[in-house]
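Enquirer: any chance you could fold what I've pasted below:
(chains A, B, C and D, ligands or ions: 4)
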Protein chains: 2
Amino acid sequence: MTLRNLQYIKHTLAGHGLKVTHQRMVIYQVLQDTDTHPAAEGIYEKIKKIIPSISLGTIYKTLEVFVEKGLIKRINTSEGNMRYDARMDNHNHIYCTNTKEIIDFKDEELEMLIRDFLKRKKIGNFNLKEFRLHISGEKIDPGKHIEIT
Amino acid sequence: MTLRNLQYIKHTLAGHGLKVTHQRMVIYQVLQDTDTHPAAEGIYEKIKKIIPSISLGTIYKTLEVFVEKGLIKRINTSEGNMRYDARMDNHNHIYCTNTKEIIDFKDEELEMLIRDFLKRKKIGNFNLKEFRLHISGEKIDPGKHIEIT
DNA sequence: TCTTCGTTGATAATAATTATTATTTAATTT
DNA sequence: AAATTAAATAATAATTATTATCAACGAAGA
Ligand SMILES: [Mn+2]
Ligand SMILES: [Mn+2]
Ligand SMILES: [Zn+2]
Ligand SMILES: [Zn+2]
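Expert: Numbering: from 1, shown residues only, chains lettered A, B, ... in the order given. Ligands and ions are numbered 1, 2, ... in the order given. Predicted coordinates:
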């Protein structure tokens, strides 16, 4: 968490109409440094190490505000809880049904392929906001990483 | 609910290793006749009209069992509850963020496009089960239907 | 520095789902 | 067909995830 980073985070929060608080900065920073799509509880555990006095309610509230302001995304799983994604560029997700991991998967070609398809295939009475491909399956070796080639 | 249908449902349940009960038959039939991807509560309301004595717990348990046995699918929403889909062929979903509707969208070309792409793009250490495109946005006129052309 | 108003932490409330258990029902054995 | 066994259901309690409330606090502008 360098000084330059700190300034950037302040600027980002303020730029989205949010009052800059210590809690918000730390939560946003931690989300930025995470690519595992954690749930509120998991985020809480991480933040507690930095701000031991933080309340779980503040985590929930802050996540909600961030989503509302378009700073992060809330993502859906087949499990009973919400998970969060600080990555805001268009990308897809690979779901591992046994480890519950959500792995990012970005591919320009796929992006174009689908965008092109949807442009041809007109959906009437509908204002399309975004699309995402959900790929699901199981890691073969849960200890190792998934690798895309 | 014709007799032929009834026999077919019995056969389907038994064929998936399930004991055939009145509750299960009615729940399965109702799910088959629905394309709105209802939540447990909504299914409960429908079933109560047919079996007034049914318990909400039975709905939850039955849905869980059906998912487990591969008779239906559990689907994810950005809201805090699960929804269910009796349609088992590969298809995609359009999410309307204001009406909370989930609309089926099947297209062979899109299917092939993505399948082809994923065949080329190898995902290592991962056993792919399925993929689905989540399209989200808002209905322009919430009273009218979405139409795909 | 003072004032204002949004934010936080503590806690209570709600919604969705899962667990428990006695009772009922279906399937299997006699 | 009656008795036996095993599984499913209904009623209810418990848990989990999330949201709401509210007094105390802190950021930011006057
Ligand atoms: Mn159907
Ligand atoms: Mn929930
Ligand atoms: Zn992501
Ligand atoms: Zn569907």
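
Enquirer: how many other residues sit next to the residue in chain A positioned nearest to chain B?
Expert: Closest approach between chain A and chain B, counting by Cβ to the nearest Cβ: A:N76, at 3.6 Å. Yep, even glycine has a C-beta here, placed from its N, CA and C like the rest. A:N76 has 18 neighbouring residues, counting by other Cβ atoms under 10 Å in any protein chain shown.

Enquirer: which ones are touching it?
Expert: A:82, B:76-78, B:134 (Cβ atoms under 8 Å, 6 or more residues apart in numbering or on different chains).

Enquirer: reformat the residues you listed as CSV; add distance to ligand 4.
Expert: Formatted as CSV, the contacts of A:N76 follow (distance: Cβ to the ion, whole Å):
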residue, distance to ligand 4
A:M82, 21
B:N76, 12
B:T77, 12
B:S78, 16
B:H134, 11
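
Enquirer: farthest pair within the residues you listed?
Expert: Farthest-apart pair in the contacts of A:N76 is A:M82 and B:H134; separation 15.2 Å (Cβ to Cβ).

Enquirer: more crowded one of these two?
Expert: More neighbours surround B:H134 than the other of A:M82 and B:H134, with 21 against 18 (other Cβ under 10 Å).

Enquirer: packing partners of the strand ranked longest in chain A?
Expert: Secondary structure of chain A read by DSSP state E shows that its longest strand is strand A:126-139. Packed against strand A:126-139, as judged by 3 or more Cβ pairs under 8 Å, 6 or more residues apart in numbering or on different chains; DSSP states H and E, are the following elements: strand A:92-96, helix A:108-120, strand B:126-139.

Enquirer: which positions in chain A make contact with ligand 3?
Expert: Residues of chain A lying close to ligand 3 (Cβ under 5 Å from the ion) are A:85, A:87, A:104.

Enquirer: give me that answer again for 8 Å
Expert: A:35, A:37, A:73, A:75, A:85, A:87, A:91, A:93, A:102, A:104 (Cβ under 8 Å from the ion).
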